[in-house]
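Undergrad: please find the sequence and the predicted model below.
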Amino acid sequence: MFARLVKICSIVFVACVLGAVPPALAADDGIVRVKSAYPFGSPSKAGSRKPEDGAPELDPSGWPKGDFGALLIASPAPVWPGVYVVRGRFEKQPTLSLMSSAGEVKNANEVLTPAVRERLAAARRSPEVVHIVAEGDRGAGKSTTLGAGGKVTWLFDARNVRDFAWGTSDKYLWDATQAAFGDTATINSFYRPSRVAWAWDQSARYAKHAIEFLSGFLWPYPYPQMTALDGVVSCSGMEYPMITCIGGQRDTLALYSVTVHEFGHMWFPMQVGSDEKRHAWQDEGLTRFNQAQAMRSFFGGYDLERIVRDAYLGFARSGDEVELMRHGDLYPVGTDAYSVASYQKMATNMVALRALLGDDVFMKAYGEYGRRWTSKHPTPYDFFHTFDDVSGRDLSWFWRTWFYETWTLDQAITDVQSSGDSATITVEDRGLAPMPVRLAITRQGETRVERREIPVDVWLRGERRATLRVPASPKITKVEIDPENAFPDIDRTNNRWGR
């Protein structure tokens, strides 16, 4: 149950710190205190974690000397991490360096100069980005206090979290602002001057939008602060409660994209504590879907939904697809099966589910899933049940199709015939994935597009062909299946009849 309590750039080390782990506690059994001097060396394959350009210290070889206290609130489901209170004490850090971490700094008066504290207080009240530490502000006596013997001790406190991470560098610039969403949270961005060329001077603005948008789309962000940290390349994008490590070169689009995706993990799995080891789609796929909504908002129509749908369909055509309901360790090595299932297909499933239920019911069920399972450990079945329960529908056919199988959707218009005062539209179900048929009918001289639907029950009965009778007049000029691309049809060439 301790395996992900403390994690630095995906290097799990708490199991090593703890040694013999006591039996899992029942809820309300009390507190476990952990203390360690971090007797670890560098990993044998550090790769791109080697310092470059003032890279922030995130390597185990640089863990601070001193102690680390962890107060553990036991989880009632000890199969994977519970919710914790983590208090980190980082002793004797160089006064030249700025440090950021999960949680809040509890001794700002001891580590930050009055001028920095004043700018930070202003940023916490402002919708505008404030430069807390600019290039000329770095260094002992300017940004950080002089400390004792050129060293300071940072104290952080993080509550209701399942992970913990920190980063520090003597090259960091620091921007901050306020995210407002009914409540407020402080937004921080720490980055090296060279990363301005990679749009990091916009990072705080991106972070602010991400938290505000997701708080409105899902439910309010519950933590006091959120930090984007310019990290080593091997971070790529790695989420922890209240802090995200982002490494590698990006442009404006890519930096916002990774920021909002990693910030989206503050909801899934940091609040809704699913088990990524078993079913990564419960957090990665939901977060990819949420990311797509935020990117459409920020970039004025950017269609990430289409991009991920095309990625899923392309892989499905290859024949190498693997179902979502498979343990994360059991996907074939050397293929994109894991990432396509966990990210792209699950996000596509959410788009299809939204179209199936309608926006209002879908968002009501999605929000209810979050409400029921915040600070708990939902399984896939809890996700399925919540949508069934809130919608009042038996969606077992949908879960079977898109989660347990690799069936594909292929609906085709095979004929449109008029006879007397009626016309017959014939549709075939050529794939194995059953879905409703959403038809858009265009008539001569009409500006309004007529909408009709063939229910999914036709295919569930085993039929492979269905007909729909509609008035023949005005003359039908075009019939198209699902012109909005809400459902992931693998062959769009047979979805249209007419011009």
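TA: Thanks, I have the structure now.

Undergrad: check the secondary structure at the residue most central in space within the chain for me.
TA: Among the residues of the chain, Thr287 comes closest to the average C-alpha position under C-alpha atoms, centre = their mean, at 3.0 Å. Following DSSP: H, G, I helix; E, B strand; the rest coil, we place Thr287 in the helix state.

Undergrad: now it: closest residue in space, sequence neighbours ignored.
TA: Distances taken as C-beta to C-beta, 6 or more residues apart in numbering place Gly264 nearest to Thr287, at 4.1 Å, with adjacent residues excluded. All C-beta spots, glycine's among them, are computed from the backbone N, C-alpha and C.

Undergrad: hang on, that neighbour packs against Glu284?
TA: No: counting by C-beta atoms under 8 Å, Gly264 stays clear of Glu284, with 9.7 Å between them.

Undergrad: report how many residues lie close to Ser473.
TA: Neighbour count for Ser473, taken as other C-beta atoms under 10 Å: 11.

Undergrad: which residues does the residue nearest to it when sequence neighbours are not counted contact?
TA: Closest residue in space to Ser473, ignoring its immediate chain neighbours: Asp421 at 6.8 Å, by C-beta to C-beta, 6+ apart. Asp421 makes contact with Pro471, Ala472, Ser473 under the criterion C-beta atoms under 8 Å, 6 or more residues apart in numbering.

Undergrad: let me know the closest of these to Thr227.
TA: The shortest approach to Thr227 among the contacts of Asp421 belongs to Pro471, at 60.7 Å (C-beta to C-beta).

Undergrad: which residues touch Ser101?
TA: Contact partners of Ser101, counting by C-beta under 8 Å, 6+ apart, are Gly88, Phe90, Trp154, Phe156, Ala158, Phe164, Ala165, Trp166, Gly167, Ile243.

Undergrad: ok so, going back, roughly how far does the residue nearest to Thr287 sit from Ala207?
TA: 12 Å (C-beta to C-beta, to the nearest Å).

Undergrad: how about the helices in the stretch 201-350 of the chain?
TA: Using DSSP state H, counting those that start in this stretch, the helices of the stretch 201-350 of the chain run over 203-217, 252-264, 284-298, 304-318, 337-339, 346-357.

Undergrad: domain map for the chain?
TA: Following automatic domain parsing, one gets these domains for the chain: 7-248, 293-404, 411-498.

Undergrad: which stretches of this protein have low pLDDT?
TA: Residues of the chain meeting the criterion pLDDT under 70: 1-93.

Undergrad: which residue is the nearest non-sequential neighbour of the residue in it sticking out farthest from the centre?
TA: Here the chain reaches farthest from its C-alpha mean at Gly420, the gap being 54.7 Å by C-alpha atoms, centre = their mean. Spatial nearest neighbour of Gly420, chain neighbours left out: Ala472 (7.0 Å); criterion: C-beta to C-beta, 6+ apart.

Undergrad: and for that neighbour, the neighbour number?
TA: Using other C-beta under 10 Å, Ala472 is surrounded by 16 other residues.

Undergrad: quick check: phi and psi on it?
TA: With angles defined as degrees, to the nearest 10, Ala472 sits at phi -80, psi -20.

Undergrad: ok, Ser236 next?
TA: Note on Ser236: backbone dihedrals following degrees, to the nearest 10 are phi 50, psi -90.

Undergrad: residue contacts, it?
TA: Ser236 makes contact with Ile246, Gly247, Gly248, Val258, according to C-beta under 8 Å, 6+ apart.

Undergrad: and those, which is closest to Glu428?
TA: Val258 (41.9 Å).

Undergrad: so that closest one sits against Gly237, correct?
TA: Yes: contact criterion C-beta under 8 Å: Val258 and Gly237 qualify, at 4.2 Å.

Undergrad: mutual contacts of the two, please.
TA: Shared contacts of Val258 and Gly237, defined by C-beta under 8 Å, 6+ apart, comprise Ile246.

Undergrad: in the stretch 351-499 of the chain, what residue spans correspond to helices?
TA: Assigned by DSSP H, counting those that start in this stretch, the stretch 351-499 of the chain shows helices spanning 359-373, 380-391, 396-399, 457-460.
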